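In: Prediction below, plus the sequence it came from.
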Amino acid sequence: MAFINYLIHLAILVCIYGMLTVSLNLAVGFTGLINLGHIAFFGIGAYTSALLALNGYPLWAAILGAALIAALAGIILAFPTTRLKGDYLALATLGFTFIVGSIARNWTSLTRGPLGLPGIPKYAASNQTLLWIAAGTLLAFSITIYCITKTRFGKTLQAVRDDELAAAMLGKNTFVHKVAAMGISAFFAGIAGSFFAHYISFIDPSIFGLGDLVLLLSMLIVGGLASVPGSFIGTAIILLIPEPLRFIGFPSALIGPMREMLFALILLLILIYRPKGIFGRVDLQ
């Protein structure tokens with residue numbers, strides 16, 4: 001029974017991080033925005049949902065609030081940053097993650113700072129039920145984003161990614177499209193953050209850490225840019241392949257470093273033999 005619960009736990013994490021990865025793919029893979037602030041939207045959603053739930057709001061209101069506040073943060077970030085290119089955009093969005101993390105650590109009257117927020121209500125009475133809810137939400141995310149990419153709006157996003165100048169010359173408002181892509185991407189990330197907070201029942205400012213950002217980018221790169229199925233496959237590979245290390249009998253002090261080495265090895269092999277990722281359609285530029 002304990003092993004079944006362990007498998008359910010892993011499946012829930014794959015679903016939650018799958019939501020986060022597929023939402024990031026809309027901005028990075030389909031629009032070409034190298035957004036390193038996505039983990040901040042995840043954290044904003046987690047904190048918003050947790051605070052609303054802890055203050056007596058129903059769960060549906062907490063989820064909606066998480067999505068809307070994260071989307072607002074995405075739009076606000078997009079206005080000054082989407083005019084930037086490449087490394088400059090990456091650094092600006094990374095700075096946003098540091099700023100939000102600092103706010104979470106220092107606004108102690110709201111977030112309790114490093115002490116975090118304990119006792120967050122759960123979505124469901126059992127993890128089995130939560131798994132079905134998370135899997136259904138991941139499927140809904142994937143279908144929605146896939147359908148978005150097939151619309152005229154989605155085709156324009158991909159044109160912006162491939163050649164922004166050419167898209168602008170054809171009369172497309174590339175700035176508005178990039179802002180919209182960032183907002184939609186952040187909306188879904190906020191919901192993923194809400195799932196995470198209510199599943200773990202505790203969050204603190206470490207949710208904005210670079211470790212989670214590197215993990216997220218690894219999932220995206222392994223699965224492949226501009227591929228909705230790749231987002232899920234990359235998440236599953238990165239989260240599940242290191243798990244057997246728990247059962248081999250290594251000392252606990254070695255498991256963490258060995259997991260990081262395995263992540264690095266997987267990423268290196270993908271970059272050498274599959275530069276676009278397993279299902280990717282574009283290169284990371």
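Out: Ah, there it is.
In: give me phi/psi at residue 37?
Out: Backbone dihedrals for residue 37, given as degrees, to the nearest 10, come out at phi -100, psi 10.
In: Starting from residue 82, give me the distance back to it.
Out: Relative to residue 82, residue 37 is positioned 12 Å away (criterion: CB to CB, to the nearest Å). (Glycine included, C-beta is placed from N, CA and C.)
In: Looking at the two, which one has more neighbours?
Out: Taking neighbours as other CB atoms under 10 Å, residue 37 and residue 82 compare with residue 37 leading, 31 against 24.
In: Correct me if wrong: that one contacts residue 97.
Out: Yes. When contacts are counted by CB atoms under 8 Å, residue 37 is listed as touching residue 97 (5.1 Å).
In: Neighbours of residue 223, how many?
Out: By other CB under 10 Å, neighbour count at residue 223 equals 29.
In: do the same with residue 69
Out: By other CB under 10 Å, the residues close to residue 69 number 22.
In: leaving aside the residues next to it on the chain, what's closest to it?
Out: The spatial neighbour of residue 69 that comes closest, neighbours along the chain excluded (CB to CB, 6 or more residues apart in numbering), is residue 48 at 4.6 Å.
In: how about the one you found, what does it touch?
Out: With CB atoms under 8 Å, 6 or more residues apart in numbering as the criterion, the residues that contact residue 48 are 62, 65, 66, 69, 70, 190, 193, 194.
In: what's the most distant pair in the residues you listed?
Out: Checking those against each other with CB to CB, the farthest-apart pair comes out as 62 and 70, at 12.4 Å.
In: Looks like residue 16 contacts residue 195 (just checking).
Out: Yes. Counting by CB under 8 Å, residue 195 is a contact partner of residue 16 at 4.9 Å.
In: Now stretch 83-93: buried residues?
Out: By neighbour count, with 16 or more other CB atoms under 10 Å as the criterion, the buried positions of stretch 83-93 are 89, 90, 92, 93.
In: ok, residues contacting that stretch?
Out: Residues contacting stretch 83-93 (CB under 8 Å, 6+ apart): 33, 34, 35, 36, 37, 38, 77, 80, 81, 82, 175, 285.
In: Then stretch 61-71?
Out: Stretch 61-71 is contacted from outside by 41-42, 44-46, 48-50, 52-53, 57, 183-184, 186-191, 193-194, 198, using CB under 8 Å, 6+ apart.
In: again, only using 7 Å
Out: Stretch 61-71 has contacts (CB atoms under 7 Å, 6 or more residues apart in numbering) with 41, 44-45, 48-49, 52-53, 183, 186-187, 189-191, 193-194.
In: farthest-separated two in these?
Out: Using CB to CB, these span at most 23.6 Å, a distance reached by 53 and 183.
In: More neighbours: those two, which one.
Out: The neighbour count for residue 53 versus residue 183, taken as other CB under 10 Å, is higher for residue 53 (25 against 20).
In: Residue 125 in helix, strand or coil?
Out: Put simply, residue 125 is coil when judged by DSSP: H, G, I helix; E, B strand; the rest coil.
In: Do you know the pLDDT at it?
Out: Among the per-residue scores, residue 125 holds a pLDDT of 78.
In: got the contact list for residue 194?
Out: Contacts were defined as CB under 7 Å, 6+ apart; by that measure residue 194 touches 45, 46, 49, 62, 63, 66.
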